[in-house]
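**Q** Predicted coordinates and the sequence they were generated for:
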Amino acid sequence: MSDITFKITAATHVGLVRTNNEDNFIVNPDLTKDVWEMESSPDYVFSLGEYGCLLVVADGMGGMNAGEVASELAVTSVRRLYSEVSDYSSIIDSSSHIEAFMKKVIVTADADIKERVKTDPSTSGMGTTIVMAWVIGNMVHVAWCGDSRAYLFNRQSGLSRLTRDHSYVQELVDAGKLDPELAFDHPNSNIITRSLGDSSVKAQPDYVCQRLSAGDYVLLCSDGLCGLCRDEEILDILMQDKPTLEEYEHDLFAAALDADGHDNITIALFECLAKKEKEVNSTLTPEAMSKTRKIKKDQKTEAGTEKKSAGGLLWVLIGFLLALALAGAAWYFKLIPLPAPQKISVDASVEQPAPQQEEEAPAELVVTDEVACE
């Protein structure tokens, strides 16, 4: 079992305008167990299991044409495919395998929705977005299709988007035709270019992974939050020092509702608490581990050099004192004149022991720079 501990919460709100909720979500705090419900309070501290923790948010579309059915089918498909895994070891052994599995899950959910439309024509036109976050070890793996988002937050580094919207407005921004600052208020911001259930094309999910550190938060949300609240507003809420995840969740809902709350709102929030430093190297890449081993070896070598330097200096002092004594004796017997006192000179090639510095307190979680997925 991993030494990472975490808190998790997830909830959905119908909003102030709509009468039905087309959003859906599921979470599994420990994939070693087939338990897909939040039975404990948001303040419960979990230990990350061998197969990790999964969060999923889906935002249904179609209004009277069963958007809530599409989002329910999506999260049900995710749950079924994860529950059917008999051997996670062949999936979680590399980022490329994790990516392939998560994309396969989304594509299968897309096929399940389309199959439902065939058997139930009344649901024609339904679809959904989806965003998934799978935390394994000290990495979060994110796959998505549509404009539901995943954010990474830390009080030192701020708020950043892990996902890139599959939307018409985002394509304008990427093409340099629209200032990113104007994207939020664009009249066509609700037009998405990828989704599950689109009869014209197979789902095309994207994937990204990111290393986690103690104090990191992973936020998944439907556009009922990020479409009504700017990133700066979300950041201001998360920057506040609150004792529970439930309070962050409450304030995020309140911000969306204050912004007129015309859409359904769904939030899933994961807080990474800590990891013992002695265990971190097991989650680093082979290259990083080799660098760590090299650093430790160099530190031992430097320690040995300091001891040798100290020993060399001692012999220089002894030699000088002996020479001084002999010279004094010679002067006494008038064999040679007594030399004038000189400062002790040490060969520059002999390394001096470095001054001791106050050791810094070890970090709760060793973190390397952002890494590219394999």
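**A** Ah, there it is. Numbers count the residues shown, from 1 in each chain.
**Q** Do a quick rundown of the helices in the stretch 1-150 of the chain.
**A** With DSSP state H, counting those that start in this stretch as the criterion, the stretch 1-150 of the chain has helices at 67-83, 95-119.
**Q** Could I get the full set of strands for the stretch 51-200 of the chain?
**A** 53-61, 127-136, 139-145, 149-154, 158-161 (DSSP state E, counting those that start in this stretch).
**Q** which stretches of the stretch 251-374 of the chain aren't confidently modelled?
**A** 275-374 (pLDDT under 70).
**Q** Straight-line length of stretch 141-154, end to end?
**A** 17 Å (Cα to Cα, to the nearest Å).
**Q** quick check: mean pLDDT across it?
**A** For stretch 141-154, the mean pLDDT works out to 98.
**Q** List the contacts of the residue sitting nearest the centre point of the chain.
**A** In the chain, the centroid-proximal residue (Cα atoms, centre = their mean) is Leu212; its distance is 3.6 Å. Going by Cβ atoms under 8 Å, 6 or more residues apart in numbering, Leu212 touches 4, 135, 138-140, 218, 272, 365. Where C-beta positions appear, they are placed from N, C-alpha and C, glycine not excepted.
**Q** Quick check: phi and psi on it?
**A** Backbone dihedrals for Leu212, given as degrees, to the nearest 10, come out at phi -110, psi 150.
**Q** mind checking pLDDT for the nearest residue to Ile106 once chain neighbours are set aside?
**A** Residue nearest to Ile106 in three dimensions, not counting chain neighbours: Pro205, with 4.2 Å by Cβ to Cβ, 6 or more residues apart in numbering. Note on Pro205: pLDDT of 98.
**Q** oh, and call the first residue 20 from now on, that's how I've got it
**A** Let's use 20 as the start, then, which means that last one is Pro224.
**Q** mind checking how far Pro224 is from His185?
**A** 9 Å (Cβ to Cβ, to the nearest Å).
**Q** Give me the common contacts of these two.
**A** By Cβ under 8 Å, 6+ apart, the residues touching both Pro224 and His185 are 163-164, 213.
**Q** just the buried members of those?
**A** Burial of the shared contacts of Pro224 and His185 was assessed by neighbour count (16 or more other Cβ atoms under 10 Å); the buried members are 163-164, 213.
**Q** Tabulate the residues you listed in JSON lines, adding columns for distance to Val88.
**A** Formatted as JSON lines, these follow (distance: Cβ to Cβ, whole Å):
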{"residue": "Trp163", "distance to Val88": "20"}
{"residue": "Cys164", "distance to Val88": "17"}
{"residue": "Arg213", "distance to Val88": "19"}
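**Q** pLDDT weak spots in the stretch 20-169 of the chain?
**A** 20, 58-59, 61, 82-83.
**Q** thinking again about what came up before, what is the nearest of the contacts of Leu231 to Ala29?
**A** Comparing the contacts of Leu231 against Ala29 with Cβ to Cβ places Val237 closest, at 11.5 Å.
**Q** just to revisit the earlier point, need the contacts of Leu231 in JSON lines with distance to Glu69 and neighbour count, can you?
**A** Formatted as JSON lines, these follow (distance: Cβ to Cβ, whole Å; neighbours: other Cβ atoms under 10 Å):
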{"residue": "Ile23", "distance to Glu69": "11", "neighbour count": "26"}
{"residue": "Val154", "distance to Glu69": "12", "neighbour count": "25"}
{"residue": "Asn157", "distance to Glu69": "14", "neighbour count": "26"}
{"residue": "Met158", "distance to Glu69": "14", "neighbour count": "18"}
{"residue": "Val159", "distance to Glu69": "16", "neighbour count": "24"}
{"residue": "Val237", "distance to Glu69": "19", "neighbour count": "24"}
{"residue": "Cys291", "distance to Glu69": "17", "neighbour count": "23"}
{"residue": "Leu384", "distance to Glu69": "18", "neighbour count": "23"}
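**Q** In TSV: the residues you listed, plus distance to Asn283.
**A** Below are these laid out as TSV (distance: Cβ to Cβ, whole Å):
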residue	distance to Asn283
Ile23	31
Val154	25
Asn157	33
Met158	30
Val159	25
Val237	21
Cys291	27
Leu384	35
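**Q** Go ahead and confirm Trp55 touches Phe44.
**A** No. Using Cβ atoms under 8 Å, Trp55 makes no contact with Phe44, being 10.4 Å away.
**Q** Quick check: can you list the domain ranges of this structure?
**A** What automatic domain parsing lists as the domains of the chain is 24-294, 304-364.
**Q** before we move on, back to that, who's more crowded, Pro224 and His185?
**A** Pro224 (23 against 20; other Cβ atoms under 10 Å).
**Q** picking up where we left off before, compare Trp55 and Phe44 (neighbour count), which wins?
**A** Counted by other Cβ under 10 Å, Trp55 and Phe44 do not tie: Phe44 has more neighbours, with 23 against 18.
**Q** is the more buried one in a bridge, and if so with what?
**A** Applying DSSP bridges to Phe44 gives these bridge partners: Val76.
**Q** Helices of the stretch 170-319 of the chain, start to end?
**A** 187-193, 199-202, 242-245, 250-258, 264-277, 296-299, 305-351.
**Q** counting contacts, what elements does the second one pack onto?
**A** Helices and strands in packing contact with helix 199-202 are listed as helix 187-193; criterion 3 or more Cβ pairs under 8 Å, 6 or more residues apart in numbering; DSSP states H and E.
**Q** Dump the helix it packs on to PDB, keeping only the CA atoms.
**A** Provided in PDB are the C-alpha atoms of helix 187-193 (Å, rounded to 0.1, in the frame of the first residue of the first chain):
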ATOM      1  CA  TYR A 187     -15.200  25.900 -30.700                       C
ATOM      2  CA  VAL A 188     -13.900  28.800 -28.600                       C
ATOM      3  CA  GLN A 189     -10.800  26.800 -27.500                       C
ATOM      4  CA  GLU A 190     -10.000  26.100 -31.200                       C
ATOM      5  CA  LEU A 191     -10.300  29.900 -31.900                       C
ATOM      6  CA  VAL A 192      -7.800  30.500 -29.000                       C
ATOM      7  CA  ASP A 193      -5.400  27.800 -30.200                       C
END
